[in-house]
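Peer 1: okay, sequence plus prediction incoming.
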Amino acid sequence: AAAAAAAADAAGDAAAAGSGPAELFAGMGVEDFFERSLGEWRSQRSSHNLAWAHFEQVESDVAIAPLEFEDEAVREVCERFGRDVKSAVYAVKMSWSGTSDWDEDEVLEGSTVLVVVKTDETSGELLRSEGYAETVPAVGKWQMEPNGTFVLVTPYDRASAEERIWFATPDLRMRVSMIRTQAGTGVLTASLSTEIRQKPKVK
């Protein structure tokens with residue numbers, strides 16, 4: 001309920017400003033996208049496992065922090081995939097801790113290093129120390145759409161992940177994710193996340 005109220009407040013801020021998402025974030029570059037993503041977020045994810053006909057609700061705290069290109073973790077990721085660290089345009093560490101209604105006693109936590117490499121102004125690669133669909137290092141292909149949506153497709157050994165992330169307001173991110181079969185012909189899981197920026201409390 002609190003997350004829903006915060007989302008409504010964030011959406012109201014955009015309405016009050018008189019601008020929709022297309023006007024606020026159209027033409028946003030990948031560096032700006034990651035810059036806007038820095039900070040602490042409260043995430044609520046609803047996921048459907050189509051193969052097993054299960055529904056899962058996950059609530060998480062997510063922290064996204066910038067990394068210097070000279071950071072050892074950034075260099076290790078670039079070296080693993082044979083990329084020159086000089087080709088990187090942005091790097092972050094993303095950490096998360098949450099719970100699932102499948103098992104409320106289990107804490108879901110982890111972290112990954114993300115390194116952004118450009119092919120051109122609107123597309124490139126995302127190097128990950130730990131993947132989304134499988135907990136192994138992975139390289140995905142990203143693209144920035146004209147309306148400011150970040151699209152990422154990451155192939156794995158047994159499946160592929162497709163993610164679309166966009167800002168509804170500066171403090172509200174939306175994420176749609178699909179895990180597809182390796183051949184790409186079927187969808188195994190589909191999820192929708194709302195991510196609310198956690199602002200420091202006013203004393």
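Peer 2: Happy to help now that I have it.

Peer 1: let me see the contact set for Gly39.
Peer 2: 63-64, 197-198 (C-beta atoms under 8 Å, 6 or more residues apart in numbering). Any C-beta I mention is one placed from the backbone N, CA and C, and that applies to glycine too.

Peer 1: give me the pLDDT for Ala15.
Peer 2: Looking at Ala15, its pLDDT stands at 37.

Peer 1: which residues touch the residue nearest the centre of the chain?
Peer 2: In the chain, the centroid-proximal residue (C-alpha atoms, centre = their mean) is Ile165; its distance is 6.3 Å. If you count contacts by C-beta under 8 Å, 6+ apart, Ile165 has them with 149-150, 152, 173-176.

Peer 1: repeat that for Val113.
Peer 2: Contacts of Val113 by C-beta under 8 Å, 6+ apart are 67, 73-74, 76-77, 91-94, 128-130.

Peer 1: hmm, 10 Å instead?
Peer 2: Applying C-beta atoms under 10 Å, 6 or more residues apart in numbering, we find Val113 in contact with 67, 71, 73-74, 76-78, 91-94, 127-130, 137.

Peer 1: just give the closest residue to it, not the sequence neighbours.
Peer 2: Ser129 (4.2 Å; C-beta to C-beta, 6 or more residues apart in numbering).

Peer 1: do I have it right that that neighbour meets Lys93?
Peer 2: Yes. Counting by C-beta atoms under 10 Å, Ser129 touches Lys93, with 8.9 Å between them.

Peer 1: got any residues that touch both of those two?
Peer 2: Common neighbours of Ser129 and Lys93 are listed as 73-74, 111-114 (criterion: C-beta under 10 Å, 6+ apart).

Peer 1: in JSON lines, list the residues you listed along with pLDDT and distance to Ser193.
Peer 2: Output for the shared contacts of Ser129 and Lys93, formatted as JSON lines (pLDDT from 0 to 100; distance: C-beta to C-beta, whole Å):
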{"residue": "Ala73", "pLDDT": "95", "distance to Ser193": "25"}
{"residue": "Val74", "pLDDT": "97", "distance to Ser193": "26"}
{"residue": "Ser111", "pLDDT": "93", "distance to Ser193": "18"}
{"residue": "Thr112", "pLDDT": "94", "distance to Ser193": "16"}
{"residue": "Val113", "pLDDT": "96", "distance to Ser193": "21"}
{"residue": "Leu114", "pLDDT": "97", "distance to Ser193": "17"}
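
Peer 1: which among those residues end up buried?
Peer 2: 73-74, 112-114 (16 or more other C-beta atoms under 10 Å).

Peer 1: widest-spaced pair of those residues?
Peer 2: Among these, the pair separated by the greatest distance (C-beta to C-beta) is Val74 and Thr112, at 12.1 Å.
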